[in-house]
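Asks: Sequence isn't available, so here's the structure alone:
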């Protein structure tokens, strides 16, 4: 079972990587960019077959390792 | 217009961050993980209103800055 986890900074948290991308795009001549934010995507392949169990397991993975829930949000998506 | 870009390593390219995540998950007791790969997600907000123009523009951004197309794939998604 394949799972895609997105980890993104919460709104309001400073995002220096996003700012660097924004500025670099402007320097390259892309004028119409209002905002840029960067996050992580983690693709997992799980042996687990039932979706409810997998969701609960991935949720624990996010809280324990993949995301810093003080400043980051995460979403779990089955692909 | 909001656009989400995923940048992931091509299959076969070594992914040390993914490997570190995989090992850390096993250390934490998550036994059923077969594979883990890490990529980047970039959320852009564009002033451009027409989707075809935006897609062409974001495609150029990816090739010029956001992705290293020798070792990375990218996908563009309108959200």
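Replies: Structure received. Keep in mind that what you see is a predicted model, and the values were worked out from it rather than measured.
Asks: Mind checking the pLDDT average for the top strand by length along chain A?
Replies: Taking DSSP state E as the assignment, the strand of chain A that covers the most residues is strand A:33-46. For strand A:33-46, the mean per-residue pLDDT is 97.
Asks: just checking, what packs against that strand?
Replies: Contacts of strand A:33-46 with other secondary structure elements, assessed using 3 or more Cβ pairs under 8 Å, 6 or more residues apart in numbering or on different chains; DSSP states H and E, are made with strand A:2-9, helix A:16-27, helix A:51-61, strand B:2-9, helix B:16-27, strand B:33-46. The C-beta positions use only the backbone N, C-alpha and C, and glycine is treated the same way.
Asks: so what's the nearest residue to residue A:67 once chain neighbours are set aside up against?
Replies: Here the nearest residue to residue A:67 in space, its sequence neighbours aside, is residue A:74; by Cβ to Cβ, 6 or more residues apart in numbering or on different chains that works out to 4.2 Å. By Cβ atoms under 8 Å, 6 or more residues apart in numbering or on different chains, the contact set of residue A:74 is A:5-8, A:62, A:66-67.
Asks: go with 6 Å
Replies: The contact partners of residue A:74, by Cβ atoms under 6 Å, 6 or more residues apart in numbering or on different chains, come to A:5, A:7, A:62, A:67.
Asks: CSV for the residues you listed, including pLDDT and neighbour count?
Replies: Below are the contacts of residue A:74 laid out as CSV (pLDDT from 0 to 100; neighbours: other Cβ atoms under 10 Å in any protein chain shown):
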residue, pLDDT, neighbour count
A:5, 98, 22
A:7, 98, 19
A:62, 98, 21
A:67, 98, 21
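Asks: between those, which is nearest residue B:28?
Replies: Checking the contacts of residue A:74 against residue B:28 by Cβ to Cβ gives residue A:62 as the nearest, at 11.8 Å.
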